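# give me a 3D structure for the following:
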Amino acid sequence: MYDAILFDLDGTLIDTETLSMAAGLEAFAALGFAVDPEFLHRLIGIDQPSSAGIIRAHLPDLDLGALNLHWSRSFRAGIDRGLTLKAGVHELLAAAPRHLHRAVVTSSGRAEAHHKIGVAGLRAAFPTVVTVDDVARAKPDPEPYLLAARLLGVAAARCLVFEDSEVGAEAAHRAGCVVVQVPDVVQASGRWAHHVAPDLMSGARSAGLL
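Below is the predicted model:
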């Protein structure tokens, strides 16, 4: 049924979205701007240039460079203290058929993505990693998932994708993949997912992987 399983990174494999939101709220407050969590929810799953455009439109007087510096320092410090895997990661990787290709497809930059994968202890599980630095158009464009399928030598239609965000689910759906959405911080609309599940293992079973 499937030739490959593809995973988003933040919020799907590793529990970084809560950490990022806390760092973001701290960064905005340090610069004298109060934002609510719902505003930060709009930034989940998208690449940094796109999120910068949203922030700039909402707060045109904010020093974006200072914000990014404060936010990234706080976020990286949190990562370096250790990352928690999302529920079911080890179980799913162990139970999934061994012949299936595996890859991470993320909106993080290359250096940051590989750093997080290393801290989380997942480097050996994912020899192929597609980052925002590898594509011209980030999620929700389908290019990241189409590239991953091409690198693995499989058809996108035979890739099972695990995503948490609407942006990521849309990218995978538009690429023609089968999409399992496991919501993290923001609830799923279900618009872009073939299966919406409370955790990775439930999603894998719903999609017929296990």
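# now do L83 against T128, distance only.
20 Å (C-beta to C-beta, to the nearest Å). Just so you know, the C-beta spots here come from the backbone N, C-alpha and C atoms, and that holds for glycine as well.
# what do you get for L9?
For L9, the distance to T128 - C-beta to C-beta - is 13 Å.
# and for V167, the neighbour number?
Applying other C-beta atoms under 10 Å, we find 23 residues neighbouring V167.
# tell me who's in contact with it.
Contact analysis of V167 by C-beta atoms under 8 Å, 6 or more residues apart in numbering lists 44-46, 107, 139-140.
# state the pLDDT value of D36.
D36 is assigned 85 on the pLDDT scale.
# so what sits opposite E163 in the bridge?
Q181 (DSSP bridges).
# pretty sure it contacts C177?
No - the pair E163 / C177 is not scored as a contact, 9.4 Å apart, by C-beta atoms under 8 Å.
# out of those two, which sits in the more crowded spot?
A direct count of neighbours by other C-beta under 10 Å for E163 and C177 places E163 higher, at 32 against 28.
# need the per-residue pLDDT for that one.
97.
# domains in the protein, by residue range?
Domain ranges of the chain: 4-15+83-206, 17-80, per automatic domain parsing.
# residues of stretch 9-25 that come out buried?
9-17, 19-21, 23-25 (16 or more other C-beta atoms under 10 Å).
# looking at those residues, which are in helices?
Counted as lying in helices by DSSP state H, out of those, are 17, 19-21, 23-25.
# pull the most distant pair out of those.
E17 and L25 (12.6 Å; C-beta to C-beta).
# how many residues are close by F126?
19.
# report the contact partners of the closest residue to it other than its chain neighbours.
Spatial nearest neighbour of F126, excluding adjacent residues (C-beta to C-beta, 6 or more residues apart in numbering): V104 at 4.8 Å. V104 makes contact with 6-9, 13, 113, 117, 122, 126, 128-130 under the criterion C-beta under 8 Å, 6+ apart.
# what sits opposite V104 in the beta ladder?
F7, V129.
# and the pLDDT for it?
98.
# and what of V89?
98.
# from G203, how far out is it?
Distance from V89 to G203, by C-beta to C-beta: 12 Å.
# where do the contact lists of the two overlap?
With C-beta under 8 Å, 6+ apart, V89 and G203 have no common neighbours.
# isn't I46 up against P144?
No - using C-beta under 8 Å, I46 is not in contact with P144; the gap is 11.8 Å.
# overlap in contacts, those two.
107, 138.
# neighbour count: these two, which is higher?
Comparing I46 with P144 by other C-beta under 10 Å, the one with more neighbours is P144, at 27 against 21.
# wait, what's in contact with the more buried one?
So P144 contacts 105-107, 130, 132, 134-135, 138, 171 (C-beta under 8 Å, 6+ apart).
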